[in-house]
Structure formats: C-alpha cells, structure tokens
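Q: could you look at this predicted model? Sequence included:
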Amino acid sequence: DAGVIQSPRHEVTEMGQEVTLRCKPISGHDYLFWYRQTMMRGLELLIYFNNNVPIDDSGMPEDRFSAKMPNASFSTLKIQPSEPRDSAVYFCASSPQVAHYGYTFGSGTRLTVV
Amino acid sequence: DQQVKQNSPSLSVQEGRISILNCDYTNSMFDYFLWYKKYPAEGPTFLISISSIKDKNEDGRFTVFLNKSAKHLSLHIVPSQPGDSAVYFCAALRNTGKLIFGQGTTLQVKP
C-alpha cells in the first residue's frame, strides 16, 4: 500500500495566483481529511469528507478556500486567490472509519505564497 | 476557539529520563484522545490513544493518562531515547470522525 499520496510536495506561488493541492487517499478509506499546520495553531482541521460528501467545513478559513472530492480516490484543496498568510504545510489524511487507532497522514504539501 | 491546547511549545530531556507531555481540552464530548508523533518533512504518525472512559493506557515505553475532572491528559515516555525527538501532537476524537489537534510540543532528548 502506497499510503496517502499528496502532490505537489512543495509549491511556491505568487500572491493572487490560484493554488491546487491534491490528495489520493488509501484505497477503501471512507474518510478524508484536510489539515493545515502552522506554528501558532498547530494542526487545524479544515474540512473532512465521508464517502465523498463534505461533513464539516467549519475550519475552512474563508471563501478563498474550497475542497472537492469527485470520487473515492481523489480530492483537491484549492485556494483562489492565494495570500502570503496561506503559507503553511497542508496535510491530507484518510481512514476506513472513525478510528481511535488514528488516521493515516500523507507527507504534506509545503505551500509558500510570496 | 482552541478546544485542544498544548501550552508547552518545547521540552528538553536527558536520555534515559522520563518525558512528560501535557494537553488540556475544553469539550467533554470527545470519545477518544490520541497522541501523534511528527518528524520533519513527514506526516504525523499515530502513537497511542485512550478512551474517554479510561484513565490510563500503556504501550511499551509510552503511557497516556487521562484526568477527566481536570480535562487534562499527559503522555509519559520512559525511558526517553534520542530517537524520540520529534513534535508531539495531542488530539481529540468525536464519534462523528472529527479529529482536533493541539499546537504541538517539540521534544528534544539529549544523549
């Protein structure tokens, strides 16, 4: 199993540009999560899906952020337009169920907006 | 509104001694509490968890204690090893699947 795959690993973009982060969850996992890591707030939950349906997007910072899960094997997190304060590491995680043994995380995408 | 808080950004411990990482939460509706470990340039990995109806769970060198009245949990690592140096995240899980993390504590174990 290749685990949760995120792309790109690093992204540098100019302020105002559109950024799309991608995630491929582990096959058979019904839950998919998007987190953002910053020094101040640690790991913030942005949005999560169950069976491709968004369940809770209360963590999405503002309308500039959007996430989709068109099928069970792919999700995107889009920022349009991007701002320097969006610079952070974005993680995707997946799980077969609500799991007290933890969710599996990808290696993250480091986003830098200049 | 930070529902899970780790108030110590960093901790330094000598190899072989005990490391104690602390975490506080504000919501009594959580069903499980988890600890994750994170190395640089990698995603967080699950370490240990505890049910909200328990007060202790042990796995090898790692023990998690839960004090529900104080809304506080802690992770004990005994003995600490240099390979334990990482960022440790406390997290709280609801039965809806929502997993909320704290800010993290950077542990340094000195040889």
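A: The structure has been received and is ready for your questions. All figures in this text were calculated on a predicted structure; none of them were measured in a lab.

Q: switch to C-alpha atoms for all contacts and neighbour counts from now on
A: OK.

Q: which bits of chain B sit near chain A?
A: B:32-34, B:41-46, B:48-50, B:93, B:95-104 (Cα under 8 Å from any Cα of the partner chain).

Q: just the residues you listed: which are in strands?
A: Using DSSP state E, the members of the residues of chain B next to chain A that fall in strands are B:Tyr32, B:Phe33, B:Leu34, B:Thr45, B:Phe46, B:Ile48, B:Ser49, B:Ile50, B:Leu93, B:Leu99, B:Ile100, B:Phe101.

Q: pretty sure the last one contacts B:Cys90?
A: Yes - with contact taken as Cα atoms under 8 Å, B:Phe101 and B:Cys90 are classed as touching, separated by 5.8 Å.

Q: shared neighbours, those two?
A: B:Val4 (Cα atoms under 8 Å, 6 or more residues apart in numbering or on different chains).

Q: can you tell me the closest non-neighbouring residue to residue 34?
A: Because you didn't say which chain, this covers chain A. A:Cys92 (4.6 Å; Cα to Cα, 6 or more residues apart in numbering or on different chains).

Q: let's do chain B instead
A: B:Ser49 (4.1 Å).

Q: so that neighbour touches A:Tyr101, yeah?
A: Yes - B:Ser49 is within contact range of A:Tyr101, at 6.6 Å (criterion: Cα under 8 Å).

Q: what sits in contact with each of these two?
A: B:Leu34.
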